[in-house]
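Novice: Provided below are the primary sequence and the corresponding predicted coordinates.
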Amino acid sequence: MIKHKNKILVLAGDGIGPEVTAATTPIFNFLNQKLGYQFELEEGLIGHAAILDQGDPLPKKTLQQFEMADAILLGAVGDPSYDNDPSLTVRPEQGLLRMRAHLGLYTNLRPIKVFHALADASSLKPELLEGVDILFYRELTGGIYFGKPSMRQAGGTKAIDTMCYSKMEVRRIVVKAFEAARQRKKVLHSVDKANVLETSRLWREVVQEVQTTYPDVAVIHMFVDNAAMQLLRDPRQFDVVVTGNMFGDILTDEAAQLAGSLGMLASASIGARVGVYEPIHGAAPDIAGQGIANPLATILSVALMLEHSFGLSQESEAIVSAVEQFLEQGYRTADTAVGSTAPEFILGTSATGKKILALLDQIFTKATQEQCVQFEFDKKS
Ligand code: IPM
Ligand code: MG
């Protein structure tokens, strides 16, 4: 990649968002100072933080910043002050949903990778989890999240949301999932509720149409209730999974438990020009401001950004290796520590970021020593 200036818009957002995004700054500094890239970080407002400052969860200024950004790193959006007050019509999550629609981010990539060292942090039996590596393709700009009408009726005594999908909306994400399946194990699970919902029957029809172009990929159609059960019964049967917006929201939180903690899971939202990279854990207001939040999901989101927005696969893989080494050396964050973790191995948010940086530095120093001409590290596989 040509090492020209790349602008990263950091939308720290709410709750633990500012802490976990701050923990990635040393990584960008490393990329700039040691590897010669020119990533420039700029901060912007979204969510509750934006409502407090501008009265709008996605202010005009942030929309303008989107135009200049080459990639966006998002912390978290949400605040408990809204949870039990349905009368509030301006809500933090609207910022997130409007951003997804505005940027055309119809593909939400959520990799569920179980790090060997963390198998004991999950509530599931470790032998079920060894080797779990699932790539979720969640549709992100359609379905019941965006269908109209969505409103109160009958003087407020009834409410309606609308689940709506067009063939085009289904096809474009399904094609992406088939492409990924072709590069991986050539098995695609498509999750729907075609025994009940018309949108799901349309979904299944499109998957069958697209399948004719990918005869090398085996397709398994699964109802969402069964998929929820199968994820816990035998998660290794899944490789690439494609599903609609709401089913994907629910199943990926469930699948997060396979990885030991929601604090480990990164995501990439891509579509039109600029991608958004974010941890899937949310604002976690109960631990915000304490410096104990797990920044690994955000750090892994930076790895996804380097790969998908900048084509920097080696740097991306190095970050994933650094996280692997961190865990293998016994370090944990509060959410992944178990009873036997010694207190000195439980690191806070910024200490975790610094440790990852040190490991990254080691990985690259070793790689330069081994390869004079070109980096080609991590050949262990
Ligand atoms: C997610 C979140 C969001 C969603 C919320 C915060 C609106 O749960 O990204 O999974 O439902 O999409
Ligand atoms: Mg969710």
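Specialist: Good, I have the coordinates. Ligands and ions are numbered 1, 2, ... in the order given.
Novice: who's in contact with the residue of the stretch 1-150 of the chain at minimum distance from ligand 1?
Specialist: Of all residues in the stretch 1-150 of the chain, the one sitting closest to ligand 1 is residue 93 (4.0 Å; C-beta to the nearest ligand atom). Yep, even glycine has a C-beta here, placed from its N, CA and C like the rest. Counting by C-beta atoms under 8 Å, 6 or more residues apart in numbering, residue 93 makes contact with 47, 57, 77-78.
Novice: Let's have the residues you listed in TSV, adding pLDDT.
Specialist: Shown next, in TSV, are the contacts of residue 93 (pLDDT from 0 to 100):
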residue	pLDDT
47	98
57	98
77	97
78	96
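Novice: Put together a markdown table for those, with neighbour count, secondary structure and distance to ligand 1 on each row.
Specialist: Putting those into a markdown table (neighbours: other C-beta atoms under 10 Å; DSSP: H, G, I helix; E, B strand; the rest coil; distance: C-beta to the nearest ligand atom, whole Å) gives the following:
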| residue | neighbour count | secondary structure | distance to ligand 1 |
| --- | --- | --- | --- |
| 47 | 29 | helix | 9 |
| 57 | 26 | coil | 11 |
| 77 | 29 | coil | 6 |
| 78 | 22 | coil | 6 |
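Novice: So of those, which two are at opposite extremes in space?
Specialist: Between any two of those, the greatest separation by C-beta to C-beta is 10.2 Å, found for 57 and 78.
Novice: what residues do the two have in common as contacts?
Specialist: Counting by C-beta under 8 Å, 6+ apart, the shared contacts of residue 57 and residue 78 are 47-48, 92-93.
Novice: Run a quick neighbour tally on residue 4.
Specialist: Residues contacting residue 4 under the criterion other C-beta atoms under 10 Å number 8.
Novice: Is the residue of the stretch 1-150 of the chain closest to ligand 1 in a helix, a strand, or coil?
Specialist: Under the three-state scheme (DSSP: H, G, I helix; E, B strand; the rest coil), residue 93 adopts helix.
Novice: Kindly list the longest helix within this structure.
Specialist: helix 349-370 (DSSP state H).
Novice: Buried residues, it. List them.
Specialist: Buried positions in helix 349-370, judged by neighbour count with 16 or more other C-beta atoms under 10 Å: 349-350, 352-353, 355-357, 359-360, 363-364, 367.
Novice: Over to stretch 145-159?
Specialist: Buried-residue list, stretch 145-159, by 16+ other C-beta under 10 Å: 145-147.
Novice: State the mean pLDDT of that stretch.
Specialist: The average pLDDT within stretch 145-159 is 96.
Novice: ok, residue 321 touching residue 363?
Specialist: Yes: assessed by C-beta atoms under 8 Å, residue 321 is found in contact with residue 363 at 5.9 Å.
Novice: picking that back up, may I have the predicted confidence score for the residue of the stretch 1-150 of the chain closest to ligand 1?
Specialist: Residue 93 carries a pLDDT value of 96.
Novice: one step back: who's in contact with the longest helix of the chain?
Specialist: Contacts of helix 349-370 (C-beta under 8 Å, 6+ apart): 16, 19-20, 22-27, 30, 34-35, 291-296, 299, 318-319, 321-323, 325-326, 331, 333, 347, 375-378.
Novice: One more: stretch 180-200?
Specialist: Counting by C-beta under 8 Å, 6+ apart, 135, 137, 143, 163-165, 174, 177-178, 201, 203-204, 207, 214, 216-225, 227, 238-244, 247, 251 sit against stretch 180-200.
Novice: which among those end up buried?
Specialist: 135, 137, 143, 163, 165, 174, 177-178, 203-204, 207, 214, 217, 219, 221-224, 227, 238-244, 247, 251.
Novice: Narrow those to those in strands?
Specialist: Among the buried ones among the contacts of stretch 180-200, the members falling in strands (DSSP state E) are 135, 137, 219, 221-223, 240-243.
Novice: From residue 282, how far off is the spatially most central residue of the chain?
Specialist: With distances taken as C-alpha atoms, centre = their mean, residue 267 lies nearest the centre of the chain, 1.4 Å away. According to C-beta to C-beta, to the nearest Å, residue 267 and residue 282 sit 12 Å apart.
Novice: Which residue would be the closest one in the stretch 201-350 of the chain to ligand 1?
Specialist: Counting by C-beta to the nearest ligand atom, the stretch 201-350 of the chain gets nearest to ligand 1 through residue 249 (4.4 Å).
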